[in-house]
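>>> Below are the sequence and a predicted model for it; my questions follow.
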Amino acid sequence: MTKTETEHYEHIQFRIPKVKLDEFNAMVYERYGMKHGGKTKMFLDLIAEQQTSQRIALLKAEIERLEQQTQGQHVL
């Protein structure tokens, strides 16, 4: 992962159960191998995937609302 001059990076530190850390490390190794920056990349990818998932859920709900609205107009 290449850092640009415009990006500001911070360290984060938190504790999780060892078994979860082991699972995370296994996921990192599976996806990125033993590359430098793999954990950071995985963390950022997980955040992006979560945000995408939330957007998809919102869009599905909006589509459902619009379809129900359209069906309601056809009944009239």
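Looks like it arrived, so ask away.
>>> Helix or strand: which one has E30?
Using DSSP states H and E, E30 falls within helix 18-32.
>>> In the protein, where is pLDDT below threshold?
1-5, 75-76 (pLDDT under 70).
>>> quick one: contacts for the most centrally placed residue in it?
Central residue check for the chain by CA atoms, centre = their mean: the C-alpha nearest the mean position is that of E49, 2.3 Å away. Listed by CB atoms under 8 Å, 6 or more residues apart in numbering, E49 has no contact partners. Backbone N, C-alpha and C define where each C-beta goes, glycine included.
>>> can you give me the helices in the protein?
Here the chain has its helices, by DSSP state H, at 18-32, 38-75.
>>> Which positions within the shortest one qualify as buried?
Meaning helix 18-32. V28, Y32 (16 or more other CB atoms under 10 Å).
>>> what's the answer for the last one, then?
Buried positions in helix 38-75, judged by neighbour count with 16+ other CB under 10 Å: G38, M42.
>>> what sits up against stretch 16-33?
Taking CB under 8 Å, 6+ apart as the rule, stretch 16-33 contacts G38, K39, K41, M42, D45.
>>> For it, output the C-alpha coordinates as PDB.
This file holds the C-alpha atoms of stretch 16-33, laid out as PDB (Å, rounded to 0.1, in the frame of the first residue of the first chain):
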ATOM      1  CA  ILE A  16      -9.500  -8.300  20.800                       C
ATOM      2  CA  PRO A  17      -9.700 -12.000  21.800                       C
ATOM      3  CA  LYS A  18      -6.700 -14.000  20.600                       C
ATOM      4  CA  VAL A  19      -8.900 -16.400  18.600                       C
ATOM      5  CA  LYS A  20     -10.400 -13.500  16.600                       C
ATOM      6  CA  LEU A  21      -6.900 -12.100  16.000                       C
ATOM      7  CA  ASP A  22      -5.800 -15.500  14.700                       C
ATOM      8  CA  GLU A  23      -8.900 -15.600  12.400                       C
ATOM      9  CA  PHE A  24      -8.100 -12.100  11.100                       C
ATOM     10  CA  ASN A  25      -4.500 -13.000  10.500                       C
ATOM     11  CA  ALA A  26      -5.600 -16.200   8.600                       C
ATOM     12  CA  MET A  27      -7.900 -14.100   6.500                       C
ATOM     13  CA  VAL A  28      -5.100 -11.600   5.800                       C
ATOM     14  CA  TYR A  29      -2.700 -14.400   4.800                       C
ATOM     15  CA  GLU A  30      -5.400 -16.000   2.600                       C
ATOM     16  CA  ARG A  31      -6.200 -12.800   0.700                       C
ATOM     17  CA  TYR A  32      -2.800 -11.000   0.600                       C
ATOM     18  CA  GLY A  33      -0.100 -13.500   1.600                       C
END
